[in-house]
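> let me see the structure of the following:
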Amino acid sequence: MRASISEFRFLPLAAAILLAGCAVNPATGARQIMLVSEGQEIQMGRQADGSVVAQYGLYPDDGLQAYVGQLGATLAAKSERPDLPWTFRVVDDPIINAFALPGGFIYVTRGIMAYFNSEAELVSVLGHEIGHVTARHSAQQMTQQQLAQVGLVAGAILLPSASDLILGVGGAGLQVLFLKFSRDDETEADLLGLRYMVRGNWDANEMPHVYAMLGRVSTASGGDRLPTWLSTHPDPENREQTIKNRIAEMGASGGTVGRNEYLQRLDGMVFGANPREGFFREQLFLHPDLRFQLELPRGWKTINLKTAVVAQSSNEDAIVQLTLADATSARAAADAFLAQQGVQGTSAQLTAVNGLTAARVAFRATTEQGTLRGLATFIEYDGNVYQLLGFTPETRWSTYERLFGQSHGSFGILTDATALAVQPLRLSIVRLDRAMTIEQFHQRYPSQAPVETIALINGVQANTMLTVGTRVKRVVGGPLP
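Residues are numbered from 1 along each chain as shown. Model prediction:
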């Protein structure tokens with residue numbers, strides 16, 4: 001029989017399936033089709049690790065990084081894949097989150113660490129993320145997507161938007177982060193994390209405290225803003241009870257808690273968003289460390305990312321974006337922008353923005369979703385070149401052209417003394433010299449956060465009586481923006 005072109009196209013994949021057969025999962029013992037090798041997992045993880053570090057930044061505390069790395073390495077050595085190039089990092093992000101990349105690259109945010117109250121709680125989350133790697137959940141997701149290409153399995157991947165990919169907000173190395181684990185995967189990772197805790201002699205009874213905390217954070221926010229670590233995970237109440245049941249079945253008890261040792265590691269940690277990296281006063285964005293300010297269109301949704309400031313119109317059909325350009329001058333940055341594939345525009349027009357040397361380009365960009373039209377402004381200031389983009393579908397250009405120009409033209413030197421002096425909030429650890437409730441603690445040791453937040457980060461209720469010698473977190477710092 002004569003084979004069609006489409007049949008030949010799928011022969012390599014079919015051969016790979018036959019060669020792979022049903023591999024045995026190292027952590028679970030289950031047999032499964034696996035088209036991603038361990039070497040490929042490691043390669044993908046290493047590539048994405050660089051993107052994570054660039055996108056989020058590492059928390060600048062070498063002692064804390066070493067501490068988390070040592071805990072993670074101890075746990076990973078107890079796993080079924082001890083020989084992976086395990087890497088554990090604390091990323092400088094206030095969001096309550098933790099995540100894993102294939103190949104053994106694990107991350108926790110300083111945001112989630114602020115809510116833990118023992119070493120064992122931290123270990124339980126590290127163990128969960130190790131479980132995703134040892135059970136090869138990312139590799140399995142990618143295998144399903146490859147199989148979906150020939151109609152054998154229904155799978156999906158959520159990719160960054162076209163504007164992210166074309167205009168450089170996201171990084172290709174981060175696409176693996178958009179893989180979504182199933183709830184069964186999450187439950188499996190919980191149980192594997194519990195396994196590694198017990199093998200490492202940490203107190204497994206601390207693990208349910210993490211789910212109780214996540215539930216309280218969700219309740220405190222009205223259920224509208226789930227901690228990022230909860231967004232694709234089973235309900236925390238169900239997880240808490242599942243783990244309690246499993247601990248009871250195992251008869252696991254005792255082991256290291258490490259409350260005081262852990263809390264002392266948090267003393268001085270930045271809490272919440274760091275205003276030194278930029279903050280908003282309504283639509284005015286101010287950056288104390290880089291000493292600039294920028295007015296964004298009124299009524300637009302705004303976000304300050306590690307590598308970009310972005311504003312989106314209320315109709316979600318236009319974006320203004322600020323990033324740093326990789327160039328030594330405004331003219332060079334404009335020329336490099338116009339040299340991108342799919343971008344067309346007039347040659348750069350040299351100008352000045354509030355006394356700063358600048359270059360401006362009107363452009364069109366071809367995307368899979370259609371043609372975008374926009375304005376790009378490049379501004380030299382204090383050794384950097386700033387790239388300001390405003391873009392919208394071509395049919396909406398007349399609606400937003402003036403707003404783009406006004407926003408770009410507002411970039412200027414920050415001189416506000418109050419804004420320049422702003423400091424981040426930080427955790428401070430206090431050892432109680434007498435018994436008291438959190439409410440009494442808050443009165444005696446005032447915080448720059450409400451008593452409800454202080455109770456939440458300490459894992460207790462506001463009326464819980466704390467004993468002499470207990471170490472308690474408070475939030476200090478300022479002045480506030």
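
> report the spatially nearest residue to V125, omitting neighbours in sequence.
A98 (5.0 Å; CB to CB, 6 or more residues apart in numbering). No exception for glycine: its C-beta is placed from N, CA and C like everyone else's.

> same check on T74?
G200 is the one closest to T74 (CB to CB, 6+ apart), at 5.7 Å.

> mind checking how far the nearest residue to L284 once chain neighbours are set aside is from H408?
Spatial nearest neighbour of L284, excluding adjacent residues (CB to CB, 6+ apart): E295 at 5.5 Å. Separation of E295 from H408 (CB to CB, to the nearest Å): 10 Å.

> between these two, which one's more packed in?
Each of E295 and H408 has its neighbours counted (other CB atoms under 10 Å); H408 has more, 24 against 18.

> and the contacts of the strand or helix carrying the more buried one?
Under the criterion of DSSP states H and E, H408 resides in helix 397-409. Residues outside helix 397-409 that contact it (CB atoms under 8 Å, 6 or more residues apart in numbering) are 294-297, 311, 313, 318, 320, 353-354, 360, 373-375, 377, 388, 390, 392.

> swap in 10 Å and give it another go.
283, 294-298, 300, 311, 313, 315, 317-320, 322, 351, 353-354, 358, 360, 362, 364, 371-379, 386, 388-393 (CB atoms under 10 Å, 6 or more residues apart in numbering).

> what is the mean pLDDT for that helix?
The average of the pLDDT scores along helix 397-409 is 97.

> what do you get for stretch 318-332?
96.

> and it, how far out from the chain middle?
23 Å (CA atoms, centre = their mean, to the nearest Å).

> domain map for the chain?
Here the domain parsing of the chain from automatic domain parsing is 9-266, 275-420, 424-477.

> ok so, going back, contacts only, for the residue nearest to L284.
Contacts of E295 (CB under 10 Å, 6+ apart): 282-285, 311, 320, 406-412.

> so which residues of the stretch 1-150 of the chain form helices?
5-9, 11-20, 38-56, 62-77, 110-113, 119-134, 137-148 (DSSP state H, counting those that start in this stretch).

> identify the bridge partners of the residue nearest to V125.
On the basis of DSSP bridges, A98 is bridged to V108.

> that one: neighbouring residues, count only.
Neighbour tally, A98, other CB under 10 Å: 21.

> and it, how far from L64?
Taking CB to CB, one finds A98 at 15 Å from L64.

> so where is the stretch 351-481 of the chain shaky, pLDDT-wise?
Low-confidence segments of the stretch 351-481 of the chain, defined by pLDDT under 70, span residues 479-481.

> buried ones in stretch 457-471, by neighbour count?
I457, N458, G459, V460, A462, L466, T470, R471 (16 or more other CB atoms under 10 Å).

> what's the closest of the residues you listed to A435?
L466 (6.4 Å; CB to CB).

> wait, doesn't that closest one sit right on V472?
Yes. Under the criterion of CB atoms under 10 Å, L466 makes contact with V472 at 6.4 Å.

> quickly list what's touching both of the two.
Common neighbours of L466 and V472 (CB under 10 Å, 6+ apart) are L432, M436, I438, F441, N458, V460.

> next one: the nearest residue to the last one once chain neighbours are set aside from I457, what distance?
Closest residue to V460 in three dimensions, ignoring its sequence neighbours and counting by CB to CB, 6+ apart: I438, at 6.0 Å. I438 is 10 Å from I457, where distance means CB to CB.

> off-centre distance for the helix holding H408?
31 Å.

> residues in contact with whatever helix or strand comes next after it?
Using DSSP H and E, the next helix or strand after helix 397-409 towards the C-terminus is strand 412-413. Strand 412-413 is contacted by residues R291, F292, Q293, L294, E295, V353, N354, G355, L356, I379, Y381, D382 when judged by CB under 10 Å, 6+ apart.

> tell me the bridge partners for the nearest residue to A419 once chain neighbours are set aside.
Nearest in space to A419, with sequence neighbours left out and distances taken as CB to CB, 6+ apart, is L286 at 4.6 Å. Note on L286: beta-bridge partners by DSSP bridges are F279, Q293.

> next, count neighbours for L286.
So L286, with other CB under 10 Å, has 21 neighbours.

> show me which positions of the helix or strand containing A333 end up buried.
A333 belongs to helix 330-338 when assigned by DSSP H and E. Residues A330, R331, A332, A333, A334, D335, F337, L338 are the ones in helix 330-338 that count as buried (16+ other CB under 10 Å).

> which residues touch the first one?
It stands for A330. Applying CB under 10 Å, 6+ apart, the residues near A330 are 348, 350-351, 353, 356-360, 377-381, 385-387.

> all helices of the stretch 301-450 of the chain, in order?
330-338, 397-409, 417-421, 438-444.

> dump those to JSON lines, plus distance to G104.
JSON lines is the format used below for the helices of the stretch 301-450 of the chain (distance: least, CB to CB, whole Å):
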{"stretch": "helix 330-338", "distance to G104": "36"}
{"stretch": "helix 397-409", "distance to G104": "43"}
{"stretch": "helix 417-421", "distance to G104": "42"}
{"stretch": "helix 438-444", "distance to G104": "39"}
